[in-house]
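In: What would the 3D arrangement of this be:
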Amino acid sequence: MAAPRLDLRDNALVVSFADTDGVTYPAIWLRDNCPSALHPDTHERVLDLLSLAEAPRLDEARIEGDAVLLSYADGHVSRMPLALLDAHRPGRPATDPAAIVPELWRADLGVSGIPRFAAEAVMDSDAELEAWMRETARFGLSIIDGLADSADAGMAVAQRIGFLRRTNFGQEFEVISVPKPNNLAYTAIALPLHTDLPNQEVPPGFQFLHCLANAAKGGESIFADGFMIAEDLRSLDPAAFELLSTVPIPFRFHDEDYDIRVREPVIIRDRAGAVTELRYNAHIAGVFDMPAEVMPEYYRAYRALMTLTRDARYRLTFMLQPGEMVVFDNRRALHGREAFDPATGYRHLHGCYVDRGEFLSRLRILARGPAG
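Out: Predicted coordinates for the structure are as follows:
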């Protein structure tokens, strides 16, 4: 990096890098981020911000090697690495190696377009693990194949990422038909496209469904890109999109042991307006409680979204085979299944979750390379 030009201004330092006329760093920011303000081992901030003057005064700034030496009126001297200043220019968020741009898709992606990776390679190679995770984040969906005939095999892949998310269904769960189910997943009926556990304060991030047996007639898995559906709804029916992303509705799961509920919009956006997640599960949406005058239009919007989820243009349908595991972003990819007949054969999927935060953290660590 060529040495930039430095200019002292009132309560600020202006650094002119090669690609800019000048980046302004307020003096209070410089003091708050001085390396001496961080614990040398934990890198957590130990400086008491209130111990500083509201507007610290800079007396001198000069380049010294790969850093800027800053002298303050109160006698403090900072050595600020140029790389730190360049990476944290005010007004420009730092680069995040886990920020992977979603590639939206419809049914024309085809089952053959779903990223597919071998379990052995993902387990043995960090490079393959990173490649698989990046493709899973990009499409919101992938398949791991070649898994051993053991529930632990799928969980081992998930644990290559991080610790498993425990919910009221446990740390792992069995998707089988049972006599007295507390969730429709544990029946043999068809499941329309949905996201899991939107009733949770933070719904699970990535879901892992390892197929151990799939001999029953029916039971095909169905997936759709919820982000694509939301964006098409935004284009086709802006009023419906706006209602679904601003009006909260209740979601609730309850049985003998739990009563877990939240009120959130179906479509979640970030501050820039980009869709970041869906909470869509018509089975555990509660009783709508918005004002009566909003209700007819809201139902129209909700039905418009539901109609798109039933449209074949968005849906991928395939039969998971024993030894395969489908992995997907539960807050993006909508999933469901066709009905199946338990009398014709046994169907058994083993599931678990890893939260988005753990997934993204692992990607950042992997991006550092072998040296870590």
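
In: give me the low-pLDDT residue ranges for the protein?
Out: 1, 178-186, 371-372 (pLDDT under 70).

In: quick one, helices of it?
Out: Shown for the chain, the helices assigned by DSSP state H span residues 27-32, 82-87, 119-124, 126-139, 151-159, 226-236, 238-246, 295-309, 356-367.

In: For A53, find the nearest of those helices.
Out: helix 27-32 (8.3 Å; C-beta to C-beta). No exception for glycine: its C-beta is placed from N, CA and C like everyone else's.

In: Just the CA atoms of the closest one, as PDB, please.
Out: Taking Å, rounded to 0.1, in the frame of the first residue of the first chain, the C-alpha atoms of helix 27-32 are listed here in PDB:
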ATOM      1  CA  ALA A  27     -10.700  11.900  16.600                       C
ATOM      2  CA  ILE A  28     -13.200  10.300  19.000                       C
ATOM      3  CA  TRP A  29     -13.400   7.200  16.600                       C
ATOM      4  CA  LEU A  30      -9.600   7.000  16.400                       C
ATOM      5  CA  ARG A  31      -9.300   7.000  20.200                       C
ATOM      6  CA  ASP A  32     -12.100   4.500  20.600                       C
END
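
In: what does that helix rub up against?
Out: 11-13, 37, 45, 47, 49, 52, 54-58, 70, 72, 76, 78, 80, 90 (C-beta atoms under 8 Å, 6 or more residues apart in numbering).

In: change it to 10 Å
Out: 8-13, 26, 37, 45, 47, 49, 51-58, 61, 68, 70, 72-74, 76, 78, 80, 85, 88, 90 (C-beta atoms under 10 Å, 6 or more residues apart in numbering).

In: I'd say A131 and L366 touch.
Out: Yes - in this structure, A131 is within contact of L366 by C-beta atoms under 10 Å, at 9.5 Å.

In: Which one's more surrounded, those two?
Out: L366 (20 against 16; other C-beta atoms under 10 Å).

In: Next, the contact list for the more buried one, please.
Out: L366 neighbours (C-beta under 10 Å, 6+ apart): P97, A98, D126, A127, L129, E130, A131, M133, R134, I161, G372.

In: ok, 6 Å please
Out: Residues in contact with L366 (C-beta atoms under 6 Å, 6 or more residues apart in numbering) are D126, E130.

In: Any figure for the gap between it and A118?
Out: Separation of L366 from A118 (C-beta to C-beta, to the nearest Å): 18 Å.

In: now L305
Out: Taking C-beta to C-beta, one finds L305 at 36 Å from A118.

In: which of the two has more neighbours?
Out: The neighbour count for L305 versus A118, taken as other C-beta under 10 Å, is higher for L305 (23 against 14).

In: what's the spacing between the more buried one and R269?
Out: Applying C-beta to C-beta to L305 and R269 gives a distance of 14 Å.

In: M290 too?
Out: Counting by C-beta to C-beta - M290 and R269 are separated by 18 Å.

In: Can you tell me what sits against stretch 267-284?
Out: 184, 194-195, 198-199, 226-227, 230, 244-245, 251, 253, 264, 266, 331.

In: buried set for that stretch?
Out: Of all the residues in stretch 267-284, those buried under the rule 16 or more other C-beta atoms under 10 Å are I267, I268, R269, V275, E277, L278, R279, Y280, N281, I284.

In: before we move on, back to that, which pair in the contacts of stretch 267-284 spans the largest distance?
Out: L184 and S245 (26.0 Å).

In: Of the two, which one has the most company?
Out: Counting neighbours by other C-beta under 10 Å for L184 and for S245 shows that S245 has the greater number, 19 against 15.

In: close enough to count as contact, the more buried one and P265?
Out: Yes - in this structure S245 lies within contact range of P265 using C-beta atoms under 6 Å: 5.3 Å.

In: Could you give the number of residues near the nearest residue to V68 once chain neighbours are set aside?
Out: Nearest residue to V68, sequence neighbours excluded (C-beta to C-beta, 6 or more residues apart in numbering): M80, at 4.8 Å. Here the count is done by other C-beta under 10 Å, and M80 has 19 residues near it.

In: So M80 versus P102, what's the distance?
Out: 36 Å.

In: that older thread, the contacts of helix 27-32, buried ones only, as a ChimeraX selection?
Out: Buried members of those, defined by 16+ other C-beta under 10 Å, are picked up in ChimeraX with:
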select :12,13,26,37,52,56,58,61,68,70,72,78,80,85
